[in-house]
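1. Below is the sequence, then the predicted model.
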Amino acid sequence: MTTFEIAKKYVELCKANQHQTIWQTLFSPNVVSIEAIAMPGFPIEAKGLNAIAEKSKAWTDNHEIHSASVDGPWPNGNRFVVRFSYDVTNKPSGRRIKMDEVGLFTVENDKITREEFFYSMEG
(Lines give C-alpha, C1' and ligand atoms only; values in the text may rest on other atoms or scores of the structure.)
Protein backbone atom coordinates (compact mmCIF):
# COMPACT_ATOMS: atom_id res chain seq x y z
CA MET A 1 0.00 0.00 0.00
CA THR A 2 1.08 3.56 -0.58
CA THR A 3 1.44 6.01 2.29
CA PHE A 4 -1.76 7.73 1.13
CA GLU A 5 -3.68 4.42 1.10
CA ILE A 6 -2.45 3.62 4.61
CA ALA A 7 -3.36 7.15 5.73
CA LYS A 8 -6.88 6.93 4.27
CA LYS A 9 -7.41 3.54 5.93
CA TYR A 10 -6.12 4.93 9.24
CA VAL A 11 -8.67 7.79 9.15
CA GLU A 12 -11.47 5.47 8.05
CA LEU A 13 -10.77 3.10 10.96
CA CYS A 14 -10.45 6.00 13.45
CA LYS A 15 -13.86 7.30 12.41
CA ALA A 16 -15.27 3.80 13.00
CA ASN A 17 -13.54 3.64 16.42
CA GLN A 18 -11.61 0.54 15.30
CA HIS A 19 -8.31 1.16 17.10
CA GLN A 20 -7.51 -2.53 17.59
CA THR A 21 -7.80 -3.05 13.83
CA ILE A 22 -5.52 -0.07 13.22
CA TRP A 23 -2.87 -1.51 15.50
CA GLN A 24 -3.18 -5.05 14.12
CA THR A 25 -3.21 -4.16 10.42
CA LEU A 26 -1.45 -0.82 9.92
CA PHE A 27 1.20 -0.62 12.66
CA SER A 28 4.62 -2.22 12.78
CA PRO A 29 5.05 -4.45 15.86
CA ASN A 30 7.94 -2.17 16.86
CA VAL A 31 6.05 1.10 16.40
CA VAL A 32 7.18 4.07 18.49
CA SER A 33 4.63 6.53 19.89
CA ILE A 34 5.67 9.97 21.16
CA GLU A 35 3.35 12.17 23.21
CA ALA A 36 3.77 15.92 23.71
CA ILE A 37 3.69 15.39 27.50
CA ALA A 38 3.94 12.33 29.72
CA MET A 39 0.68 10.89 31.03
CA PRO A 40 0.62 9.83 34.67
CA GLY A 41 2.26 6.43 34.88
CA PHE A 42 3.45 6.49 31.26
CA PRO A 43 6.62 7.88 29.68
CA ILE A 44 6.50 10.31 26.76
CA GLU A 45 7.78 7.56 24.46
CA ALA A 46 6.05 4.18 24.16
CA LYS A 47 7.54 1.34 22.13
CA GLY A 48 5.61 -1.57 20.68
CA LEU A 49 1.96 -2.41 20.19
CA ASN A 50 1.34 -3.51 23.79
CA ALA A 51 2.67 -0.23 25.20
CA ILE A 52 0.50 1.78 22.81
CA ALA A 53 -2.59 -0.27 23.67
CA GLU A 54 -1.94 0.22 27.41
CA LYS A 55 -1.45 3.96 26.97
CA SER A 56 -4.63 4.24 24.90
CA LYS A 57 -6.66 2.25 27.44
CA ALA A 58 -5.40 4.43 30.29
CA TRP A 59 -6.42 7.55 28.39
CA THR A 60 -9.92 6.28 27.58
CA ASP A 61 -10.39 4.94 31.13
CA ASN A 62 -9.59 8.39 32.52
CA HIS A 63 -11.69 10.50 30.16
CA GLU A 64 -15.38 10.79 29.45
CA ILE A 65 -15.58 11.56 25.74
CA HIS A 66 -18.37 14.02 24.85
CA SER A 67 -17.33 14.32 21.21
CA ALA A 68 -14.43 13.33 18.99
CA SER A 69 -13.62 13.93 15.34
CA VAL A 70 -10.80 13.18 12.94
CA ASP A 71 -9.83 15.11 9.79
CA GLY A 72 -7.39 14.38 7.01
CA PRO A 73 -5.17 12.73 6.08
CA TRP A 74 -2.58 15.03 4.60
CA PRO A 75 0.34 13.01 3.16
CA ASN A 76 3.89 14.11 2.37
CA GLY A 77 6.33 11.47 1.14
CA ASN A 78 6.38 8.60 3.63
CA ARG A 79 4.58 10.62 6.32
CA PHE A 80 1.06 11.92 6.88
CA VAL A 81 -0.76 14.05 9.40
CA VAL A 82 -4.22 13.73 10.88
CA ARG A 83 -6.11 16.23 13.04
CA PHE A 84 -8.12 15.05 16.03
CA SER A 85 -10.55 17.21 18.03
CA TYR A 86 -11.89 16.14 21.41
CA ASP A 87 -14.27 17.44 24.02
CA VAL A 88 -13.61 15.35 27.13
CA THR A 89 -13.90 15.42 30.89
CA ASN A 90 -10.91 14.18 32.83
CA LYS A 91 -12.52 11.75 35.29
CA PRO A 92 -10.02 12.13 38.15
CA SER A 93 -10.16 15.94 38.19
CA GLY A 94 -13.65 16.49 36.80
CA ARG A 95 -12.14 19.12 34.47
CA ARG A 96 -13.67 19.45 31.01
CA ILE A 97 -11.14 19.95 28.23
CA LYS A 98 -11.36 20.88 24.57
CA MET A 99 -8.37 19.41 22.83
CA ASP A 100 -7.00 19.77 19.31
CA GLU A 101 -4.33 17.30 18.40
CA VAL A 102 -2.26 16.60 15.30
CA GLY A 103 -0.70 13.20 14.74
CA LEU A 104 2.34 12.85 12.49
CA PHE A 105 2.76 9.29 11.23
CA THR A 106 5.79 7.74 9.50
CA VAL A 107 5.36 4.78 7.14
CA GLU A 108 8.12 2.32 6.30
CA ASN A 109 7.72 -1.03 4.51
CA ASP A 110 3.92 -0.58 4.32
CA LYS A 111 3.52 -0.16 8.10
CA ILE A 112 3.25 2.81 10.45
CA THR A 113 6.53 2.79 12.37
CA ARG A 114 6.21 6.04 14.31
CA GLU A 115 3.45 8.30 15.58
CA GLU A 116 4.05 11.69 17.16
CA PHE A 117 1.35 13.80 18.77
CA PHE A 118 1.20 17.58 19.07
CA TYR A 119 -1.61 19.25 21.01
CA SER A 120 -2.88 22.07 23.13
CA MET A 121 -5.70 22.01 25.65
CA GLU A 122 -8.22 24.57 26.89
CA GLY A 123 -10.00 24.11 30.18
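-> Ah, there it is. Numbering: from 1, shown residues only.
2. residue closest to the middle of the protein?
-> G103 (6.3 Å; C-alpha atoms, centre = their mean).
3. any idea how far that residue lies from R95?
-> As for G103, its distance to R95 is 23 Å (criterion: C-beta to C-beta, to the nearest Å). In this view, the C-beta of every residue, glycine as well, is placed from N, C-alpha and C.
4. Repeat that for G48.
-> Noted for G48: a distance of 31 Å to R95, by C-beta to C-beta.
5. Neighbour count: these two, which is higher?
-> Counted by other C-beta atoms under 10 Å, G48 and R95 do not tie: G48 has more neighbours, with 15 against 11.
6. does the more buried one really touch V31, like I thought?
-> Yes - applying C-beta atoms under 8 Å as the test, G48 and V31 come out as touching, 6.9 Å apart.
7. quick one: low-confidence ranges for this structure?
-> Of all residues in the chain, those with pLDDT under 70 make up the ranges 121-123.
8. just the strands in it please.
-> Along the chain, counting by DSSP state E, strands occupy 27-34, 45-47, 63-76, 79-90, 96-108, 111-122.
9. Including distance to Q20, could these go into CSV?
-> Formatted as CSV, the strands of the chain follow (distance: least, C-beta to C-beta, whole Å):
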stretch, distance to Q20
strand 27-34, 11
strand 45-47, 16
strand 63-76, 16
strand 79-90, 18
strand 96-108, 17
strand 111-122, 14
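10. so which of the ones you listed comes closest to E54?
-> Nearest to E54, of all the strands of the chain, is strand 45-47, at 7.8 Å by C-beta to C-beta.
11. nearest spatial neighbour of A68, skipping sequence neighbours?
-> Closest residue to A68 in three dimensions, ignoring its sequence neighbours and counting by C-beta to C-beta, 6 or more residues apart in numbering: Y86, at 5.1 Å.
12. so what's the one you found up against?
-> Y86 is in contact with 63, 65, 67-68, 97-101, counting by C-beta atoms under 8 Å, 6 or more residues apart in numbering.
13. Nothing else from me, thank you.
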